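# Below is the sequence, then the predicted model.
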Amino acid sequence: MSAALEMHGVSKTYLDGTDEVHALREVDLTVEPGRMVAVMGPSGSGKSTLLTIAGALETPTEGGVRIAGQTLAGMTRDDRARLRRRTIGYVFQDFNLLPGLTAAENVALPLELDGLAAGKARAAGLRVLDELGLADRASRFPDQLSGGERQRVAIARAVVGDRRLLLADEPTGALDSVNGEAVMRMILNACKGGVAAVVVTHDAQLASWADRVVFIRDGRLVDHTAPRPTPDTLLPR
Amino acid sequence: MSIRHALLALLSEGPKYGLQLREEFEARTGEVWPLNVGQVYTTLQRLERDSLVESDDDAEPGPQKGFRITAGGAEELAAWLRTPPDLSSPPRDELVIKVLIAVRLPGADVHEIIQVHRRHLVELMQQWTRLKEDEGDLDLGLALVVDAELYRLDSLVRWLDTADGRLKRAPAPARTAAPQIRRRTGVRR
Ligand SMILES: Nc1ncnc2c1ncn2[C@@H]1O[C@H](COP(=O)(O)OP(=O)(O)OP(=O)(O)O)[C@@H](O)[C@H]1O
Ligand SMILES: [Mg+2]
């Protein structure tokens, strides 16, 4: 099976007036299905830039990106949009829920946009909300939900349907540690179901849920953790 | 870790044998702190000497000897629970010392050294977090220990992140020249 995400020699340079901002430099990153990778780094190091390129929201200045075996370069706008709806789930830092839609409608939206009948989309949305313990919040609007609940709805929307790649930018935002942990468990469960996830965070406790943590600095991936050992090695004897 | 007070706490539930105390101690600390039988019996002897516990007079020393807490022992335990541990002076943290030395050492890449330690800490945190994955199976004592360990390691990562940022912003001379020497030679900037 092909990797869920492959980035090869990806660089991104923004023009700020006449100045060049090198947001990413020669980034190589591969994420296999079922794996969670966390990206840690200081503010301005290029974490969000990496994620938007992995999510086909931005195009790299140099280098190539493949998502679930499909090469992004040369894809039409429509194909790219379909890939974003069908294959990629994106959790934005500020949740990005539509205020005029209920929780269930927000979750069902990507499926409906993808042409699924409204009834079926809604049923699938409710199923995911139920899994995340939000069945009784389904008909509320975003401003009637707590921050933690909004975040779970955003994650429900990112995993609904048959997604292969889940991208989350600081997915626990300003949540307390209990809700933050619940969010990471949700992402982990999605991974156990075969989804690949990339989670951007500056929080080491959240990053430590990942199979692999990569460290970014000034746009470069400078280091990564060793493959995760078994927990037994910690306890005496 | 005060074995003395942990044993008093176990005895405050009712009389127990030495071997039983050891098993219960290990079970409640999530088996993170192993305890040998010798430690248990020496501690019990001292507790008895201080009249904080009593034993069955007639029984031979050994596994069949039972212990109970005294009123004095209960008081001691209650007072200990409310006494704050000494956190007033900074511990001699080896990690802090290494970074402080690296900052002054000519030719040392302090950012690279910080990253080596950051990676190691995150790898340790990954191992602890893995224990939390199956929440349902996690013993309460172990869960509390895992949380404490994660917060402790996390605070070190945060300190490294802060140090990294502070060093990046610091003007280069402040990182290499020793301040005393500058003062003595009267150089001002
Ligand atoms: N559209 C843009 N135009 C110009 N510069 C940009 C643009 N987007 C990002 N940058 C710059 O690229 C660099 C990386 O930004 P990015 O948003 O990826 O950082 P980040 O690691 O996500 O930071 P934070 O933790 O603060 O969210 C920064 O220097 C930023 O100012
Ligand atoms: Mg960002």
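Structure received. Ligands and ions are numbered 1, 2, ... in the order given.
# Just the pLDDT for B:Asp134.
If you check B:Asp134, the pLDDT there is 74.
# For chain A, which segments count as strands?
For chain A, applying DSSP state E gives strands covering A:5-16, A:19-31, A:36-40, A:62-67, A:70-71, A:88-91, A:165-169, A:196-200, A:212-217, A:220-224.
# and for the first one, what are the contacting residues?
With CB atoms under 8 Å, 6 or more residues apart in numbering or on different chains as the test, strand A:5-16 has contacts from A:20-31, A:46, A:49-50, A:53-54, A:58, A:60-67, A:165, A:196, A:198, A:219. For every residue, glycine as well, the C-beta is placed using N, CA and C.
# ok, and which of the residues you listed reach chain B?
Contacts with chain B within these, counted by CB under 8 Å from any CB of the partner chain: none were found.
# Can you select the buried ones from these in PyMOL?
Restricted to buried positions by 16 or more other CB atoms under 10 Å in any protein chain shown, the PyMOL selection for the contacts of strand A:5-16 reads:
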select buried, chain A and resi 23+24+25+27+29+31+46+49+50+53+54+58+60+63+65+66+67+165+196+198+219
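# Counting residues, which helix of the chain comes out longest?
Picking chain A for this. Longest among the helix segments of chain A by residue count, using DSSP state H, is helix A:177-192.
# actually it's chain B I care about, not the one you picked
helix B:140-169.
# buried set for that one?
Here helix B:140-169 shows B:142, B:145-146, B:149-150, B:153-154, B:156-157, B:159-161, B:163-164, B:167 as buried, counting by 16+ other CB under 10 Å.
# residue contacts, the closest residue to chain A within chain B?
Chain A sits closest to B:Met125 of chain B, with a gap of 3.7 Å, by CB to the nearest CB. Contact analysis of B:Met125 by CB under 8 Å, 6+ apart lists A:Ala204, A:Gln205, A:Ala207, A:Ser208, B:Leu150, B:Leu153, B:Asp154, B:Val157.
# where do the helices sit along chain B?
Using DSSP H, helices in chain B cover B:3-11, B:18-28, B:37-49, B:71-82, B:94-104, B:110-132, B:140-169, B:172-176, B:179-185.
# and A:Ala108, which of the ones you listed is closest to it?
Taking CB to CB, helix B:110-132 is the member of those nearest to A:Ala108, at 32.0 Å.
# What residues of that closest one count as buried?
Neighbour counts over helix B:110-132 (16+ other CB under 10 Å) mark B:110, B:113-115, B:117-132 as buried.
# so where is chain A shaky, pLDDT-wise?
Filtered on pLDDT under 70, chain A yields the residue ranges A:1, A:95, A:174, A:228-237.
# residue contacts, the most centrally placed residue in it?
For chain A, A:Leu167 is the residue whose C-alpha lies nearest the centre (CA atoms, centre = their mean; 1.2 Å). Counting by CB under 8 Å, 6+ apart, A:Leu167 touches A:Leu51, A:Ala54, A:Gly55, A:Ile88, A:Gly89, A:Tyr90, A:Val91, A:Ala158, A:Ala197, A:Val198.
# That one and ligand 1, how far apart?
Counting by CB to the nearest ligand atom, to the nearest Å, the gap from A:Leu167 to ligand 1 is 13 Å.
# Identify the bridge partners of that residue.
A:Tyr90, A:Val198 (DSSP bridges).
# and residue 108, what does it touch?
Just so you know, I chose chain A. A:Ala118, A:Ala121, A:Arg122, A:Ala124, A:Gly125, A:Val160.
# you looked at the wrong chain, it should be chain B
By CB under 8 Å, 6+ apart, the residues touching B:Ala108 are B:Ala102.
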